[in-house]
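[1] I would like the atomic coordinates for the input below:
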Amino acid sequence: MRRNRRVKILATLGPASSSEEMIQKLHRAGADVFRINMSHADHDLMRELVKRIRNVEEAVGRPIGILADLQGPKLRVGKFQDGKIELSAGDEFTLDDDPALGSQTRVNLPHPEILEAVKPGHRLLIDDGRLELRCLESDGKRLRCVVVAGTKISDRKGVSLPDTTIATGALTEKDRRDLDAVLAENVDWVALSFIQRPDDLAEARKIARGRAFLLAKIEKPQAVERLDEIIELSDAIMVARGDLGVELPLEMVPGIQKQITRACRKAGKPVVVATQMLESMITAPVPTRAEVSDVSIAVYEGADAIMLSAESAAGDYPVEAVSMMDRIAQRVEKDPLYPGIIFAQRPDPEPTGADAVSLAARQMAETLGVSVIVTYTATGTTGLRTARERPQIPILALTPVVRTARRLSLVWGLHCVVTEDAQNLDDMVDRACRISVQENYARAGERLIVTAGVPLRTPGATNMLRIAYIGSDGLSAV
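    Take a look at the predicted model:
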């Protein structure tokens, strides 16, 4: 199954899309990677979903990526005597460590790390920003606040802290249990929620020990401030626009999306744009025009992947949502303006052999008009560097490692094929020619470009480029 687009589609599984039959429908409609949200899935359900995805993978004969999204720290207020209260701007209201039910003037905040971290002047956003408080006084056990905006608060509403860096890490006890469970099932990607600082990645990296790639979700202002450091320590980034829009002014989010997308492309790290992309399709069979434009902008920016959340997990039209996203992406990539926009955003290569070879491969491919660029990659590094160049020539990534193929299913432009390990350089080039023909990327008499690391199976050593001519037998003729 060959996609007619380069950007990838990540679909969230949920009540509307958990059956094996529906997962296969979503894949055939365009989903390249499936997300399991550990905020809603217990370990038994997660294991069953992984099993069903792998069954679909075997049925369709294509590598499919799995991303497990850890919940992260969920900060919530306690409960009220009557379930909720009404407030007005200017009212004083206190958050404290008293477990008693809340009243008109106070409520429990069962998170001592917040009570210790919030300082006078810091904002607290309750219920996705519907209520805004500003701290007036803090003593480590209580926060005396004033209502800035909003009219009510009710039981167990979430708390966001745009001005506060919490001392504790991003992994909760639940996250640690979930991480052990998803790693045992050999998921390909693990998403870390509410990252604030580079250090938040360290514990997950230590636990994972290379068994899964780590994706950092950028949801907080503190993460934006240290973006370059977080990108360096991550394997991929997600622009989680929903939470960003709560903790930052909404008008800032589009610019931050562009900033993150371009920083990731410069670093050669995959970037996913997520949240509310086709939100209206949760209940409607077609999206709004504004949503179509929103998805299109992410594709024009060169994002590696675009994600559906509730649209595919709990919506009434999960297959239609994936199909619509697929159609939008295809149309954008056929736009005559698209190559120029992608080219204008192309970063300068790093002074490394891998980047020099990848740059040369793109330039030669476009100059010579070859049919396909074939990258031979065991760890994924060669594929990532080739995709960073965003060539207008198709990229075929060959790997002997099925987990590498699954991980690269998130990366822009890579069509991954699992093949036997090449015995030598000539065997590798012959294999590239033969598979290019089998996958309908090239025909006899056409040329292709092959890149790899020599000696073979040397991680990160992309140092070889070769032009091959496909003979009548489907093998290299030159």
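
[2] residue 466: what's it in contact with?
    The contact partners of residue 466, by C-beta atoms under 8 Å, 6 or more residues apart in numbering, come to 429, 449-451. Placement of C-beta: from N, CA and C, glycine included.

[3] Serialize those to CSV and add fields for secondary structure.
    Below are those laid out as CSV (DSSP: H, G, I helix; E, B strand; the rest coil):
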residue, secondary structure
429, helix
449, strand
450, strand
451, strand
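
[4] check which residues of stretch 71-90 are buried.
    71-73, 75, 77-80, 85, 87 (16 or more other C-beta atoms under 10 Å).

[5] wait, what's in contact with residue 238?
    191, 215-218, 271-274, 307.

[6] actually residue 130, sorry about that
    Contacts for residue 130 (C-beta under 8 Å, 6+ apart) come out as 150, 152.

[7] go on, the one 5 residues further on?
    Listed by C-beta under 8 Å, 6+ apart, the contact set of residue 135 reads 118-124, 143-145.

[8] and residue 464, helix, strand or coil?
    Following three-state DSSP, we place residue 464 in the strand state.

[9] does it touch residue 453 like I think?
    Yes: counting by C-beta atoms under 8 Å, residue 453 is a contact partner of residue 464 at 6.9 Å.

[10] can you count the residues close to residue 316?
    By the measure other C-beta atoms under 10 Å, the count of residues near residue 316 is 13.

[11] in PyMOL, select just the buried ones from the contacts of residue 135.
    For anyone working in PyMOL, the buried entries among these, judged by 16+ other C-beta under 10 Å, can be selected with:
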select buried, resi 118+122+123+124+143+144+145
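
[12] and the contacts of residue 466, which are buried?
    For these, buried by 16+ other C-beta under 10 Å: 429, 449-451.

[13] could you export those as TSV, including pLDDT?
    TSV is the format used below for the buried ones among the contacts of residue 466 (pLDDT from 0 to 100):
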residue	pLDDT
429	92
449	97
450	95
451	94
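
[14] out of these, who's nearest residue 207?
    residue 451 (33.4 Å; C-beta to C-beta).

[15] how near is the closest one to residue 291?
    Going from residue 451 to residue 291 by C-beta to C-beta, to the nearest Å gives 38 Å.

[16] ok, now which ones touch the nearest residue to residue 160 once chain neighbours are set aside?
    What sits nearest to residue 160 in space, not counting adjacent residues and going by C-beta to C-beta, 6 or more residues apart in numbering, is residue 125, at 4.1 Å. By C-beta under 8 Å, 6+ apart, the contact set of residue 125 is 131-133, 159-162, 246-247.

[17] how about the helices of the stretch 301-450 of the chain, start to end?
    Secondary structure of the stretch 301-450 of the chain (DSSP state H, counting those that start in this stretch): helices at 310-313, 318-334, 338-344, 353-368, 381-388, 402-408, 425-438.

[18] redo the ones you listed as JSON lines? Include distance to residue 23.
    Shown next, in JSON lines, are those (distance: least, C-beta to C-beta, whole Å):
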{"stretch": "helix 310-313", "distance to residue 23": "10"}
{"stretch": "helix 318-334", "distance to residue 23": "10"}
{"stretch": "helix 338-344", "distance to residue 23": "30"}
{"stretch": "helix 353-368", "distance to residue 23": "34"}
{"stretch": "helix 381-388", "distance to residue 23": "25"}
{"stretch": "helix 402-408", "distance to residue 23": "15"}
{"stretch": "helix 425-438", "distance to residue 23": "26"}
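
[19] nearest to residue 66, of the ones you listed?
    Closest among those, once you apply C-beta to C-beta, is helix 402-408, at 7.2 Å.

[20] where exactly do the strands run in the stretch 151-300 of the chain?
    Per DSSP state E, counting those that start in this stretch, the stretch 151-300 of the chain carries strands over the ranges 152-154, 159-160, 189-192, 213-218, 236-240, 271-274.

[21] now render these as a markdown table, adding mean pLDDT and distance to residue 442.
    A markdown table is the format used below for the strands of the stretch 151-300 of the chain (pLDDT from 0 to 100; distance: least, C-beta to C-beta, whole Å):
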| stretch | mean pLDDT | distance to residue 442 |
| --- | --- | --- |
| strand 152-154 | 95 | 61 |
| strand 159-160 | 94 | 51 |
| strand 189-192 | 98 | 30 |
| strand 213-218 | 98 | 30 |
| strand 236-240 | 98 | 30 |
| strand 271-274 | 98 | 29 |
